[in-house]
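S.K.: okay, structure incoming, though there's no sequence with it:
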């Protein structure tokens, strides 16, 4: 499949991407990710490996679009867990700890 990443055309195939990522250790995922094999890779890491370009030269959107068209599963940013709201009484109780059993 022909796609443009960072204003350069690339002919990418699913098997070519799999071969390029073979033996590459995934970095910790903090944003969007691509599932290649059984591993979750950050989008920027995948883009750097398959294009051999600096990560600053392309956007995550360009790489995500190419990976989806090739049939890879992509994950968006994980949603933030809402902070637990507790009352002042619950906070004070937690700070004092549980009562000791006699």
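M.R.: Arrived safely, thanks for sending. Only a predicted model underlies this, so the values are computations on that prediction, with no experimental measurement involved.
S.K.: for residue 3, give me the pLDDT.
M.R.: pLDDT for residue 3: 87.
S.K.: how about it, nearest residue that isn't a chain neighbour?
M.R.: If the residues on either side of it in the chain are set aside, residue 3 comes closest to residue 66, at 4.4 Å by C-beta to C-beta, 6 or more residues apart in numbering. All C-beta atoms are positioned from the backbone trio N, CA, C, and that covers glycine.
S.K.: how many residues are close by the one you found?
M.R.: 24 (other C-beta atoms under 10 Å).
S.K.: what element comes up after the helix or strand containing it heading to the C-terminus?
M.R.: Using DSSP states H and E, residue 66 falls within helix 60-70. Per DSSP H and E, the first helix or strand lying C-terminal to helix 60-70 is strand 73-75.
S.K.: what's that following strand packed up against?
M.R.: Of the remaining helices and strands, those touching strand 73-75 by 3 or more C-beta pairs under 8 Å, 6 or more residues apart in numbering; DSSP states H and E are strand 33-36, helix 60-70.
S.K.: what sits up against that strand?
M.R.: 32-35, 40, 43, 64, 67-68 (C-beta atoms under 8 Å, 6 or more residues apart in numbering).
S.K.: from those residues, list the buried ones, please.
M.R.: With neighbours counted by 16 or more other C-beta atoms under 10 Å, the contacts of strand 73-75 contain buried members at 32-34, 43, 64, 67.
S.K.: with pLDDT and distance to residue 13 added, can I get those residues in a markdown table?
M.R.: A markdown table is the format used below for these (pLDDT from 0 to 100; distance: C-beta to C-beta, whole Å):
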| residue | pLDDT | distance to residue 13 |
| --- | --- | --- |
| 32 | 92 | 22 |
| 33 | 93 | 21 |
| 34 | 94 | 15 |
| 43 | 94 | 18 |
| 64 | 93 | 17 |
| 67 | 94 | 12 |
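S.K.: Throw these into a markdown table and include distance to residue 57, thanks.
M.R.: Shown next, in a markdown table, are those (distance: C-beta to C-beta, whole Å):
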| residue | distance to residue 57 |
| --- | --- |
| 32 | 17 |
| 33 | 20 |
| 34 | 18 |
| 43 | 14 |
| 64 | 16 |
| 67 | 17 |
